[in-house]
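Undergrad: let me see the structure of the following:
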Amino acid sequence: MEKPRKSVRRKGRGVTIDEVAALAGVSPMTVSRVMNNQGKVRDTTRERVLQAVRELDYTPNLAASSLAAAQHTRIALIYTNPSGAYLREMLVGLLRVASRTSIQLVIDYWDNLDPEVERKAARAMSGKVDGVILPPPLCESHAAVSEFVRADVPVVAIAAGRSSDEISCVRIDDLRAGKELAEYLIAQGHSRIGFIKGRPDLSASSNRYEGFQAALHEAGLPLETALVQQGDYTYRSGLKAAEKILAHKRPPTAIIASNDDMAAAAISVAHRRGLDVPRDLAVVGFDDTSAATTVWPELTTIHQPIASMANAAIDILLRTIRRKDRSTRVLVDQVVPHRLVVRGSVAAPGKRG
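TA: Coordinates of the predicted model:
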C-alpha cells in the first residue's frame with residue numbers, strides 16, 4: 001500500500017515549484033510543462049502535478065514563468081550579409097535583448113546557397129527553433145521564407161524594402177530616405193549626382209534608387225545613366241563603381257552610395273585621384289554603421305536604427321510565439337523612423353567644408 005505523501009509546504013512564504021515537484025514526485029520541468037500546458041506529459045503524471053498544486057495552493061510566479069519560457073525559446077539569426085559593419089550593429093542589438101530576456105540565440109551562416117539548398121536548410125532549422133530573424137539579403141529569400149511558413153515557424157524580416165503577406169517585417173521607408181539624401185545634396189547646390197546601387201535582388205536597394213530619381217525629377221534635374229553604377233553592398237563593389245563614375249569625362253560633384261561600405265570606398269577612390277572630399281566631391285552613405293565614422297572625412301548618411309530593429313524583431317517573435325491562439329497568423333509591418341546624420345563629407349560644390 002502506498003504511503004500517503006506529506007505536504008512539504010512551509011508557512012510564512014510562497015510555495016515554490018520545487019516543493020510542488022517534490023510532492024508530485026516529478027521534476028520541476030514537468031511541473032512547468034503542466035502549468036504552461038506545453039510539451040507531452042502523461043495524463044496520470046499531469047493529474048499528480050495538479051493534485052499537488054491544489055494541496056499546496058501553489059500560485060506560479062509570473063515573472064519567473066516568463067523567464068523560464070524565455071530560457072526555452074530558441075531564436076535563430078540566419079545571415080549572409082556582405083557588410084561586416086551592418087552585421088555587427090545587428091548582433092549588438094540581438095545580444096543585448098537576448099541577455100535581457102534570457103532567450104537562446106542561435107546564429108547560422110548561409111553562404112551563397114541556391115534556392116533548393118536554402119529550402120533544405122530552412123527545413124532542417126525549422127525543427128530546432130521557435131522563431132527566425134532574416135536580415136538582408138535573406139529577408140527576401142522566397143525559398144527560405146516559404147519553408148519556414150510551411151513549418152509554422154514565425155519569421156521576422158529585417159530591412160526588407162516592402163511589407164509581406166507571409167511574414168512580419170521591421171524596416172525603414174527606404175524610398176523616402178533615398179529621396180531625402182538626394183534632396184539634401186541638391187539643397188547644397190549639387191546638380192550632377194552619381195549613384196551606386198545596392199544588390200539588385202533586394203527591394204530596399206531599388207527603393208533607395210527610386211527615391212533618388214524622384215528627388216531629381218522634382219528638382220527638374222536630368223538623370224544621367226552614366227553616373228549610375230551597380231554595386232552589391234561590398235566595399236570592393238563600391239571601389240569599382242566609384243572608379244567608373246569618376247572616370248566620366250564630366251564627373252559628378254556628389255555621389256550617393258546605397259550603404260556606408262560603398263560610400264567609404266568612393267571616398268578612397270576620390271583620394272586616390274587627388275580629389276578633396278568634400279570640396280571637389282561630396283559623398284553620402286546609408287545605414288550609419290561604424291564604417292561611417294572610421295573614414296575621413298566622416299560620412300553624412302541615413303541613420304537606420306539597426307540594433308533597435310533587431311530588438312523589435314525579437315519582441316515581435318516572442319509575442320507571436322507566446323500567443324495561445326496560433327490558428328491564425330498575425331503579421332506585423334513595423335516601419336521605424338530614420339534620420340539624416342550630417343557630418344563632414346558634404347559641402348557645396350567648389351567650397352571647402
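Undergrad: where do the helices sit along this protein?
TA: Per DSSP state H, the chain carries helices over the ranges 17-24, 28-36, 43-56, 62-71, 84-101, 115-126, 142-150, 174-187, 203-219, 235-246, 260-272, 306-321.
Undergrad: near Leu113, how many other residues are there?
TA: 17 (other CB atoms under 10 Å). All C-beta spots, glycine's among them, are computed from the backbone N, C-alpha and C.
Undergrad: in space, what's closest to it - neighbours in sequence excluded?
TA: The shortest distance from Leu113 to any non-neighbouring residue, by CB to CB, 6 or more residues apart in numbering, is to Ala121 (6.5 Å).
Undergrad: for that neighbour, give its distance to Ser141.
TA: For Ala121, the distance to Ser141 (CB to CB, to the nearest Å) stands at 10 Å.
Undergrad: more neighbours, those two?
TA: The neighbour count for Ala121 versus Ser141, taken as other CB under 10 Å, is higher for Ser141 (23 against 17).
Undergrad: tell me how far the nearest residue to that one once chain neighbours are set aside lies from Ser163.
TA: Nearest residue to Ser141 in three dimensions, chain neighbours excluded: Glu118, at 5.7 Å (CB to CB, 6+ apart). Computed as CB to CB, the Glu118 to Ser163 distance reads 22 Å.
Undergrad: what's the average pLDDT for stretch 312-329?
TA: For stretch 312-329, mean pLDDT is 78.
Undergrad: typo on my end, stretch 286-293
TA: 92.
Undergrad: first to last residue in that stretch, what's the distance?
TA: Using CA to CA, to the nearest Å, the end-to-end distance of stretch 286-293 comes to 12 Å.
Undergrad: list the buried residues for it?
TA: Burial within stretch 286-293, assessed by neighbour count using 16 or more other CB atoms under 10 Å, is assigned to 286-289, 291-292.
Undergrad: same question, stretch 310-323
TA: Buried residues in stretch 310-323, counted by 16+ other CB under 10 Å: 310-318, 320-321.
Undergrad: quick one: contacts of it?
TA: 69-70, 73, 75, 90-94, 96-98, 101, 103, 130-133, 154, 156, 158, 168, 170, 330, 332, 334, 336 (CB atoms under 8 Å, 6 or more residues apart in numbering).
Undergrad: and for stretch 208-220?
TA: Applying CB under 8 Å, 6+ apart, the external contacts of stretch 208-220 come out as 174-183, 186, 191, 193, 195, 197-198, 222-223, 228, 256, 258, 286.
Undergrad: which of the residues you listed count as buried?
TA: Buried members of these, counted by 16+ other CB under 10 Å: 174-183, 186, 193, 195, 197-198, 228, 256, 258, 286.
Undergrad: near the nearest residue to Ala182 once chain neighbours are set aside, how many other residues are there?
TA: Among residues not flanking Ala182 along the chain, Ala215 sits closest, at 3.4 Å (CB to CB, 6+ apart). Close neighbours of Ala215, defined as other CB under 10 Å, add up to 21.
Undergrad: do the same with Val335
TA: Applying other CB under 10 Å, we find 12 other residues in the vicinity of Val335.
Undergrad: pLDDT at it, what is it?
TA: For Val335, the pLDDT comes out at 92.
Undergrad: is it true that it touches Asp173?
TA: Yes: under the criterion of CB atoms under 8 Å, Val335 makes contact with Asp173 at 5.9 Å.
Undergrad: spatially central, which residue of this protein would that be?
TA: With distances taken as CA atoms, centre = their mean, the chain has Ile158 as the residue nearest its mean C-alpha position (3.5 Å).
Undergrad: distance of Ala264 from Ala157?
TA: To Ala157, Ala264 is 26 Å away according to CB to CB.
Undergrad: more crowded one of those two?
TA: Legend: neighbour count by other CB under 10 Å for Ala264 and Ala157, higher for Ala157 (27 against 24).
Undergrad: that one against His142, yeah?
TA: No: at 11.7 Å, Ala157 does not count as touching His142 under the criterion of CB under 8 Å.
Undergrad: contacting residues for Val330?
TA: 320, 323.
Undergrad: tell me the spacing between it and Arg150.
TA: Distance, Val330 to Arg150, using CB to CB: 18 Å.
Undergrad: cool, Val106 as well?
TA: Distance from Val106 to Arg150, by CB to CB: 20 Å.
Undergrad: any idea what the closest residue to Gln304 other than its chain neighbours is bridged to?
TA: Nearest residue to Gln304, sequence neighbours excluded (CB to CB, 6+ apart): Asp287, at 4.8 Å. Asp287 has these beta-bridge partners by DSSP bridges: His303.
Undergrad: thinking Asp287 is in contact with Thr301, fair?
TA: Yes: at 6.6 Å, Asp287 counts as touching Thr301 under the criterion of CB under 8 Å.
Undergrad: so what sits against both of the two?
TA: Counting by CB under 8 Å, 6+ apart, the residues touching both Asp287 and Thr301 are Asp260.
Undergrad: domain map for the chain?
TA: The chain resolves into domains spanning 17-60, 70-172+306-322, 174-303 when parsed by automatic domain parsing.
Undergrad: and Leu185, how far from Ile256?
TA: Counting by CB to CB - Leu185 and Ile256 are separated by 7 Å.
Undergrad: okay, and the common contacts of the two?
TA: Common neighbours of Leu185 and Ile256, using CB under 8 Å, 6+ apart, are 193, 284.
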